[in-house]
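1. predicted model and sequence follow; I will ask about them next.
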2 protein chains.
Amino acid sequence: MAKKKTSIKDIAKSLGISITTVSFILNGKAKEKRISEELTLKVEEYIKEVGYKPSHLAQSLRLGKSKVIVFMVEDISNQFFASIARKIEEKAYKSGYKIIYCSTDNDPEKAKALIDTFKVRSVDGFIITPTPALESTVLELLEEEFAVLLFDRWIPSIDCSYVVVENEKSAFEATSHLIQNGCKNIGFITVESDQIQMIDRLQGYGHAMESHGLKKNVFMLPFHNLSEFGASSKIQQYIQKNSDLDGLFFATNYLAFEGLQALNSLKKRIPEDVLLVSFDDHYFFTLFQPNISAIEQPIESIAEKLMEGMLMLLEDDESSKPDYKVTLPNILHIRESSDYKI
Amino acid sequence: MAKKKTSIKDIAKSLGISITTVSFILNGKAKEKRISEELTLKVEEYIKEVGYKPSHLAQSLRLGKSKVIVFMVEDISNQFFASIARKIEEKAYKSGYKIIYCSTDNDPEKAKALIDTFKVRSVDGFIITPTPALESTVLELLEEEFAVLLFDRWIPSIDCSYVVVENEKSAFEATSHLIQNGCKNIGFITVESDQIQMIDRLQGYGHAMESHGLKKNVFMLPFHNLSEFGASSKIQQYIQKNSDLDGLFFATNYLAFEGLQALNSLKKRIPEDVLLVSFDDHYFFTLFQPNISAIEQPIESIAEKLMEGMLMLLEDDESSKPDYKVTLPNILHIRESSDYKI
DNA sequence: TATTTTTGATAAATCCTTTTAGCAAGTTCC
DNA sequence: GGAACTTGCTAAAAGGATTTATCAAAAATA
């Protein structure tokens, strides 16, 4: 039953010619290799007739390129990563690349294991949101001449291509926005993390506060199992303890969601009692009443630059030392209606 | 620079033995093939020493199995599909399978093109949310003896394994819930679609209304470009025209989101003016004030059954006619606080 | 001692392509 | 007429594994 796939060999045999000739014709090298137009046409016709498609597996083995890119993120079910995955996919498939995805949970061991697996699979490139302690592994990849592109966060200590956003600048702007709207005591709610993008966001907040002579007030949640950990109630406690808070800056949107629940439980009104802003925009923020201000990461551009960079790295002819380092601006959406401003 | 990978051939040469022997040892057939323990140990040690890993590409070529599964959904950035992707991934990787994903946008042409691409790539299995008009393509896949597992929706006209949920039953229950809480005029808001799961949901609603002698009131939005199409304002118009509506059933959560915006614009209160229920639960529904009732699809179970089924289909030794048809129950979350009930 | 078995290994085919090197036969040139 | 090209095509190696069939030497049997 299992229809045996026709191979180039079958074609050659059927037409009584050599494999080489068929291969040349298939790869558009008929002219170059001086195959007569007559034979070329005959072969092409036959190929169409039997619906022959070459085996990518064999091609990959022979050519040493698999046309597969690994998309390795913290969590593919996270809206941000999923959205980028969607865009990446489209662009990759257009260029004949396939995308395998995987999630690290930000666990270095898991990330290393996954990378190990994929090296063997002879994939061509890696798009990675690096976990902590991944320097040496990434370095190895680079040494073995894989195309590697970091995103969301990068690794300052190694020279690797990346696509990131202006975390510090946007956090600075968003904080300044709160200050300009009268906030004097702004809490920055984040997670314990040594990831560079989180550090940058914290710094942006810090600089804005300092430059206005305001006192910083940072609340750090433990990184893992946020909701199981009762993040919402932890935030609630924090807000209660700091009764003079008039502004809150959430370092990510899932923190903002938890925060919204906390504020709701405390019957705090937005924006009358407290002004909000969150990093990472979400459809939800425009649905919530009142709308929540947020910093939108430019998903489309990120995906575009990622594929552009990846293709550049992949098509690089091992000569130059390719370098693709992009930092994209975010978009700050101010959403509290102006009537409400303090 | 580019470290050439060591192959089985290199190992054989270095140790002055044959490739066959090395292969036997690698595949744990040393005993069976009567390789001396002495040599086995020596080879195993050497393999560890040089850190040899077999080429999956070559193995796939030889064995005709790639250990790759395609996960083809309508839109991978959709929270529902992304969540399943996340779970599937975990289970697949544990069994040594890799997942390639792709999105069809529910476009049959796109779906066919993608399937064509993957057939050539010699993937082993397909997990598919079928688009309309995909019967013949799926049938071809089955004839070519790929492992095929449909989910979210199935194709009644062909005998293919699937994992779906009880759409009709849950819609019936949810509608009954609204009726039991006093609703007399319940609008069912859905999209124009001949997809079986949407039809089933509509039927569940219909049966519930009929069995209570109530008049059906269905509003269908065109399928494509929902938000660009101003779905929210269309729903708003519908609600205004039907001023006697006291309950709304949204066939999917993204319709509910649009509906919530519409209700908000109309200053309709929930649950005082209208009771809501939506298919497909969402984190958002518990965050929204008041919380929104919804039918939760059991993502974990779906993913579990999908991988269980896929592995069964894959490991089936071409003898039997494997059949894996699963229909899972949903969970109805009633969320309006009871004080509010009409 | 001669024959059969067992032991411990291996050569070679196969999976499907790409690509280098080369070979006959026909042309051109002087 | 013989050297030098051109033309049109192909044999065979390579890429990295698996597996069948086979083989020489040692051990067991008669």
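-> Ah, there it is. If you're wondering where the values come from, they're calculated on a predicted model, not measured in any experiment.
2. for chain A, what helix or strand is lowest in average pLDDT?
-> helix A:283-287 (a mean of 85; mean pLDDT, DSSP states H and E).
3. up against chain B, what does the stretch 201-342 of chain A have?
-> When proximity is defined as C-beta under 8 Å from any C-beta of the partner chain, the stretch 201-342 of chain A approaches chain B at A:257, A:260-261, A:264, A:283-284, A:287-289, A:318. Just so you know, the C-beta spots here come from the backbone N, C-alpha and C atoms, and that holds for glycine as well.
4. now the closest residue in space to residue A:196 that isn't next to it in sequence: how far from residue A:134?
-> Distance criterion C-beta to C-beta, 6 or more residues apart in numbering or on different chains; nearest residue to residue A:196, sequence neighbours excluded, is residue A:153 at 4.8 Å. According to C-beta to C-beta, to the nearest Å, residue A:153 stands 10 Å off from residue A:134.
5. who has more neighbours, the two?
-> residue A:153 (23 against 20; other C-beta atoms under 10 Å in any protein chain shown).
6. doesn't residue A:164 make contact with the more buried one?
-> Yes - using C-beta atoms under 8 Å, residue A:153 is in contact with residue A:164, at 6.7 Å.
7. wait, is residue A:46 part of a helix?
-> Yes - assessed with DSSP: H, G, I helix; E, B strand; the rest coil, residue A:46 lies in a helix.
8. rewinding a little: and the residue nearest to residue A:196, what does it touch?
-> Contact analysis of residue A:153 by C-beta atoms under 8 Å, 6 or more residues apart in numbering or on different chains lists A:129-130, A:164, A:195-197.
9. what do you get for residue A:100?
-> A:68-71, A:118, A:123, B:68, B:98-100.
10. just the strands from chain A, written as ranges.
-> A:68-73, A:98-103, A:125-128, A:147-151, A:162-165, A:186-191, A:218-221, A:247-250, A:275-279, A:294-296, A:325-328, A:331-333 (DSSP state E).
11. ok, how many other residues are close to residue A:40?
-> Residue A:40 has 16 nearby residues by other C-beta under 10 Å.
12. OK, contacts around it?
-> Residue A:40 neighbours (C-beta under 8 Å, 6+ apart): A:25, A:30.
13. where's it relative to chain B, distance?
-> Using C-beta to the nearest C-beta, to the nearest Å, residue A:40 is found at 22 Å from chain B.
14. state the pLDDT value of residue A:290.
-> Listed pLDDT for residue A:290 reads 85.
15. equivalent analysis for the one 4 residues further on, please.
-> Per-residue confidence (pLDDT) for residue A:294: 96.
16. show me the beta-bridge partners of it.
-> According to DSSP bridges, the residues that bridge with residue A:294 are residue A:278, residue A:333.
17. test my guess that it contacts residue A:252.
-> No - contact between residue A:294 and residue A:252 fails when scored by C-beta under 8 Å: they sit 10.4 Å apart.
18. any residues in contact with both of these two?
-> Joint contacts of residue A:294 and residue A:252 (C-beta under 8 Å, 6+ apart) are A:278-280.
19. redo these as CSV? Include neighbour count and pLDDT.
-> Below are those laid out as CSV (neighbours: other C-beta atoms under 10 Å in any protein chain shown; pLDDT from 0 to 100):
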residue, neighbour count, pLDDT
A:278, 26, 97
A:279, 27, 96
A:280, 20, 94
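20. how about the residues you listed in CSV, adding distance to residue B:16?
-> Shown next, in CSV, are the shared contacts of residue A:294 and residue A:252 (distance: C-beta to C-beta, whole Å):
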residue, distance to residue B:16
A:278, 65
A:279, 61
A:280, 59
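21. of those, which are in range of DNA strand D?
-> Checking the shared contacts of residue A:294 and residue A:252 against DNA strand D by C-beta under 7 Å from any atom of the strand, not one of them is in range.
22. ok, the residue nearest to residue A:169 when sequence neighbours are not counted - contacts?
-> Of all residues not flanking residue A:169 in the chain, residue A:204 sits nearest, at 6.4 Å (C-beta to C-beta, 6+ apart). Neighbour list for residue A:204: A:167-175 [criterion: C-beta under 8 Å, 6+ apart].
23. same check, this time on residue A:107
-> Applying C-beta under 8 Å, 6+ apart, the residues near residue A:107 are residue A:131.
24. how much space between it and residue B:121?
-> Distance, residue A:107 to residue B:121, using C-beta to C-beta: 30 Å.
25. next one: residue A:133
-> For residue A:133 relative to residue B:121 (C-beta to C-beta), the value is 34 Å.
26. and those two? Which one has more around it.
-> Remark: of residue A:133 and residue B:121, residue B:121 carries more neighbours, 20 against 13, as counted by other C-beta under 10 Å.
27. residue ranges of each domain in chain A, please.
-> According to automatic domain parsing, chain A comprises the domains A:8-54, A:65-165+A:300-329, A:167-297+A:333-340.
28. before we move on, the earlier item: phi and psi next, for the residue nearest to residue A:196.
-> phi -140, psi 160 (degrees, to the nearest 10).
29. show the model's pLDDT score for residue A:320.
-> Here the pLDDT value assigned to residue A:320 is 58.
30. check residue A:302 too.
-> pLDDT for residue A:302: 98.
31. who's in contact with it?
-> Contacts of residue A:302 (C-beta under 8 Å, 6+ apart): A:84, A:151, A:163, A:165, A:328.
32. okay, now the first one: neighbour count?
-> For residue A:84, the neighbour count with other C-beta under 10 Å is 26.
33. tell me if I'm right that it and residue A:304 touch.
-> No - applying C-beta under 8 Å, one finds residue A:84 not in contact with residue A:304, separated by 10.2 Å.
34. what helices or strands is the least confident helix or strand of chain A leaning on?
-> helix A:253-265, helix B:253-265, helix B:283-287 (3 or more C-beta pairs under 8 Å, 6 or more residues apart in numbering or on different chains; DSSP states H and E).
35. how does it look with 10 Å?
-> helix A:253-265, strand A:275-279, strand A:294-296, helix B:253-265, helix B:283-287 (3 or more C-beta pairs under 10 Å, 6 or more residues apart in numbering or on different chains; DSSP states H and E).
36. for those, which has the smallest mean pLDDT value?
-> helix B:283-287 (a mean of 85).
37. hey, C-alpha coordinates of it in PDB?
-> Output in PDB follows, covering the C-alpha atoms of helix B:283-287 (Å, rounded to 0.1, in the frame of the first residue of the first chain):
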ATOM      1  CA  TYR B 283      -7.400  34.200  31.900                       C
ATOM      2  CA  PHE B 284      -9.000  37.400  31.100                       C
ATOM      3  CA  PHE B 285     -12.400  36.300  32.100                       C
ATOM      4  CA  THR B 286     -11.400  36.000  35.700                       C
ATOM      5  CA  LEU B 287      -9.700  39.300  35.700                       C
END
